[in-house]
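**Q** build me a model:
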Amino acid sequence: MMDSVDLPSSVDESGSLDPTSDTRKFKQPKHSKFKQQELSSCKPIITPKLVVSTLLFICAVFIPIGFLSLSASRNVVEIVHQYETECVPIESRNDISRFMQSSSNKTCSRTLNVPKHMKQPIYVYYQLDNFHQNHRRYMKSRSDKQLMSRASEGDTQKCWPEDVTKDGMPILPCGLIAWSVFNDTYRFSRNKKPLTLNRRDITWKRDRERKFGNNVYPKNFQRGALIGGGRLNESKPVVRIAFKCCENLHRGRVFFASQLSEQEDLIVWMRTAALSNFRKLYGKIEEDLVAGDTVDVILENNYNAYIFDGKKKLVLSTETWLGGKNEFLGFVYLGVGGLCFVLGMVFAVIFVVVKPRKLGDTSRFSWHNDAGYN
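**A** Prediction:
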């Protein structure tokens, strides 16, 4: 005589699962094509002709793009002038660090020759080599909250060693990035006539509006024993049109904009570079320069790049539809297109001309072969 067996609550007396059971509802997913992996999909048959056609198509697209990119890059007129050695007096070149830390006059005059016609706007960059803005500790030494809100003025926990002064007062903006802001200055003249340099709107609008507050002002900046870079101007005059008072007459207003959202040289510097050699925008010349023009530059060689064996360069550059000079992108397109062309020709010769293979040939299956049973 068989003993009675207690059935689970989800199983009825006939042995079948109870469809109303909570366990069944929990374990069984809702039937859908997505959950059952029955969605329609494209499953192309990779034939030799398809592979060759794809490679040649990529070649036909990439090679013209590569030539267009190279052409655009080579239409950019660029003047690059390295000056960190020439702007140090000969008698001070044996001890450059001492010269840079002294109060000696660091004004330097350089002359640039325009090789080709340069259409406005002409972008003025400073270039630093061997400066690792991408160092992890350097990049973390800042406080985004402090830069954005006056209420977070004391948020300096991540800014060591440039977090507070000796008196315990918070430094604003704090951190090594702001402390090392670039402070060489440039003035330009063409054929002995001054050139106006526009230093407004050289930053991203998103940075000005969302990363640097318009009610945050510098405090206790560069007041320590060791000065890293430039000082922030706490009373920078900016002339803007206030209103139109009558026909054909505008009245200007001068006000002092020292808030961080107006310190565009700082905003440019705070967007750290990914590589150790980089350029940053200094300003724009909004006049054309003609081939043969002589541009005189009066610069202040203030930034101490010699302690890390760095190089400083002044760059004047035009732009095209692709931006500034960058031949790397064009060579990449040409390289990929050329590689696809070579592979396409090799596959065409091997699989189409030399050894064409019949698709769907079942005679190649192993069970048609005596050795396949072993």
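
**Q** so who does residue 75 touch?
**A** For residue 75, the contact set (CB atoms under 8 Å, 6 or more residues apart in numbering) comprises residue 320. Every C-beta, even on glycine, is put in place using the N, C-alpha and C of the backbone.

**Q** please determine how far it is located from residue 327.
**A** 12 Å (CB to CB, to the nearest Å).

**Q** what's the first helix or strand after the helix or strand encompassing residue 186?
**A** Assigning secondary structure by DSSP states H and E places residue 186 in strand 185-190. Using DSSP H and E, the helix or strand that follows strand 185-190 towards the C-terminus is strand 193-195.

**Q** tell me the buried residues in that following strand?
**A** residue 195 (16 or more other CB atoms under 10 Å).

**Q** now it: average pLDDT?
**A** In this model, strand 193-195 has an average pLDDT of 90.

**Q** please apply the same query to stretch 153-167.
**A** Here the average pLDDT along stretch 153-167 is 83.

**Q** now stretch 331-343
**A** 95.

**Q** kindly report the same for stretch 216-223.
**A** Across stretch 216-223, pLDDT averages out at 81.

**Q** shift numbering so it begins at 45
**A** Will do, 45 is the new start, and the previous item becomes stretch 260-267.

**Q** first-to-last residue distance for it?
**A** By CA to CA, to the nearest Å, the extent of stretch 260-267 from end to end equals 18 Å.

**Q** try stretch 320-333
**A** Its first and final residues considered, stretch 320-333 spans 31 Å by CA to CA.

**Q** what sits against the closest residue in space to residue 150 that isn't next to it in sequence?
**A** Of all residues not flanking residue 150 in the chain, residue 345 sits nearest, at 4.5 Å (CB to CB, 6 or more residues apart in numbering). By CB under 8 Å, 6+ apart, the residues touching residue 345 are 127-128, 131-132, 150-152, 228, 356.

**Q** try it again at 7 Å.
**A** 131, 150, 152, 228 (CB atoms under 7 Å, 6 or more residues apart in numbering).

**Q** again, but for residue 196
**A** Residue 196 neighbours (CB under 7 Å, 6+ apart): 189-190.

**Q** one more time with 8 Å, if that's ok
**A** 187, 189-190.

**Q** out of those residues, who's the most crowded?
**A** Highest neighbour count within the contacts of residue 196: residue 190, with 26 neighbours (other CB atoms under 10 Å).

**Q** that one looks like it's in a helix, true?
**A** Yes. Counting by DSSP: H, G, I helix; E, B strand; the rest coil, residue 190 falls inside a helix.

**Q** show me where pLDDT drops low in the protein?
**A** 45-71, 73, 268-269, 277-301, 396, 400-418 (pLDDT under 70).

**Q** and it, what are its domains?
**A** Domain assignment for the chain, taken from automatic domain parsing, gives 89-120+367-401, 127-362.

**Q** in three-state terms, label residue 390 for me.
**A** helix.
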